[in-house]
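Engineer: this is the structure alone, sequence omitted:
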């Protein structure tokens, strides 16, 4: 398992009072508790405050968007696909970075200090575009459906879902460009799965009715 313990450089009163050594941060606060990695001496140390910057965030959701601002560590690296919380007067929204606007154009990755605007989309609850074809297999009589689901809802190729008035079997999943962790942009083997927030479009077979009318 990866060690995520924070480390800082500080003088150790026990083994290195005149030169900095690497210390593990055991607890943070005005006076942080740190442990020297050279001699394991535990002591209190004042740590420098992390500098932050205020950056504009544009969040899109269901064809609409709103702008707000977030405070982030100036040295933090931001990247497309990362998720973060956006607090507004109305709600707290989980958003995923789709693009970073810099002074000289857009980028998929940049240090927060160099970013002017963070472009994102809401992924806590999402709308999914669905292309459904009749149970009879007549692909020329398809219809379009739009589903509202939690972003973490999982769709699995080959499995049947019942959502609202819809009952369907997933046959293919088109993955969004900003999604990470997938080998392909289209999933179509039984057992392939994707979270709703990663789905650009679902291709399904209708299971609710045998009579069909396109709409």
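Structural biologist: Here it is on my side, so go on. All values derive from a computational prediction rather than experimental measurement. Numbering: from 1, shown residues only.
Engineer: which residue is the nearest non-sequential neighbour of the spatially most central residue of the chain?
Structural biologist: By CA atoms, centre = their mean, the chain has its centre lying nearest to residue 83, at 3.0 Å. Excluding the flanking residues, the one nearest residue 83 by CB to CB, 6 or more residues apart in numbering is residue 96, at 4.9 Å. Bear in mind the C-beta positions are built from the backbone N, C-alpha and C, glycine included.
Engineer: how far off centre is whichever helix or strand that neighbour is part of?
Structural biologist: Assessed by DSSP states H and E, residue 96 sits inside strand 92-102. Remark: strand 92-102 is offset 9 Å from the chain centroid, using CA atoms, centre = their mean, to the nearest Å.
Engineer: in that strand, what's buried?
Structural biologist: Within strand 92-102, the residues scored as buried using 16 or more other CB atoms under 10 Å are 93-98, 100-101.
Engineer: low-confidence stretches in the chain?
Structural biologist: Counting by pLDDT under 70, the chain shows low-confidence ranges at 1-5, 137-140, 209-215.
Engineer: where do the domain boundaries of it fall?
Structural biologist: Annotated domains of the chain cover 7-45, 52-122, 125-206 [automatic domain parsing].
Engineer: hmm, who's touching the strand holding residue 96?
Structural biologist: Residues from elsewhere that reach strand 92-102 (CB atoms under 8 Å, 6 or more residues apart in numbering): 57, 59-61, 78-87, 106-110, 114-124, 151, 178, 197.
Engineer: out of these, which are buried?
Structural biologist: Looks like these have 57, 59, 61, 78, 80-82, 86, 110, 115, 118-124, 151, 178, 197 buried, using 16+ other CB under 10 Å.
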